[in-house]
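Asks: Sharing a model prediction with you, sequence too.
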Amino acid sequence: MPKIIIAGNWKMHKTQAEALEFLQGFKSHLDETPDDREVVLCAPFTALPVLSKTLHGGRIRLGAQNVHWERSGAYTGEISAAMLTELGVHYVVIGHSERRQYFGETDETANLRVISAQKQGLIPILCVGESKAQRDAGETETVIINQIKRGLVDVDQSNLVIAYEPIWAIGTGDTCEATEANRVIGLIREQLSNKDVTIQYGGSVKPDNIDEIMAQPEIDGALVGGASLDAAGFARIVNYR
Ligand code: PEP
């Protein structure tokens, strides 16, 4: 059975002080969180050390939002997998549509990042998703299958999370119908040799739609952007029924 993983992607939000303030409000809600799910916070690099020290390996796992494929070298502004594991980071988001759109990420560079993350013991969360234009042109299936095939060349599927994030649903409030997300995630699973890979849905997940999303049989979790910034709101998402 795939592990259920609810992950917050803070993007470029929260200073160290703000991250600690979030944690104070958030942690108290975790007493009610059932053991059947993993809770992950993908914070900016600068907030990871202080979060790591404060969490002391408790219920919350830490994630980063990018990783370079080399162990070290002349790559100004980049962070390696070894630098992340040293901080107690377990997960890393790779190939997010904002990285693809603004920073030139491709399926090929995402693939390199996934492989280097795995080599260092990090669990990659590989993001895939179609644009509005691609969906309207009836290309959703082809786009997703290509992203999966190219992103997973030589990748160990026993140590992997995939997030299906339709680009038109990210940060727009325009959530993909839960049944449609379920259908596309089923299609992604068909492409995998390991059927137990956790496949999350992401795109305007909120406290008021998480229950319906998580009730879908193919959906094993959520990658949550905007709604993960508010401690009480994210706690409601994590404690979905
Ligand atoms: C995301 O950033 O991965 C995301 C899904 O954002 P939002 O939840 O804000 O749509």
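Replies: Yep, it's here. Numbering: from 1, shown residues only.
Asks: V197 contacts D156, doesn't it?
Replies: No. Assessed by CB atoms under 8 Å, V197 is found out of contact with D156, at 10.6 Å. Where you see a C-beta, it was placed from the backbone N, CA and C, and this is true even at glycine.
Asks: List the buried residues of the helix or strand A82 falls within.
Replies: Applying DSSP states H and E as the criterion places A82 in helix 81-85. Of the residues in helix 81-85, 81, 83-85 count as buried by neighbour count, 16 or more other CB atoms under 10 Å.
Asks: Could you single out the nearest of those residues to V224?
Replies: L84 (20.5 Å; CB to CB).
Asks: quick one: contacts for the residue nearest to that closest one when sequence neighbours are not counted?
Replies: Nearest in space to L84, with sequence neighbours left out and distances taken as CB to CB, 6 or more residues apart in numbering, is A64 at 5.1 Å. By CB atoms under 8 Å, 6 or more residues apart in numbering, the contact set of A64 is 42-43, 45, 48, 79, 84, 89, 91-93.
Asks: Please read off the pLDDT at A64 from the model.
Replies: With respect to pLDDT, A64 scores 98.
Asks: same question, S52
Replies: pLDDT recorded at S52 is 95.
Asks: Can you give me the neighbour number for it?
Replies: Neighbour count of S52, defined by other CB atoms under 10 Å: 16.
Asks: Verify the stated contact: it with E86.
Replies: No. Using CB under 8 Å, S52 makes no contact with E86, being 9.5 Å away.
Asks: In terms of secondary structure, what does the helix holding A82 contact?
Replies: When contacts are defined as 3 or more CB pairs under 8 Å, 6 or more residues apart in numbering; DSSP states H and E, helix 81-85 packs onto helix 107-119.
Asks: Distance check, the residue of the chain at minimum distance from the ligand against T198.
Replies: Going by CB to the nearest ligand atom, the ligand is nearest to G225 of the chain, at 2.1 Å. The spacing between G225 and T198, counted by CB to CB, to the nearest Å, is 18 Å.
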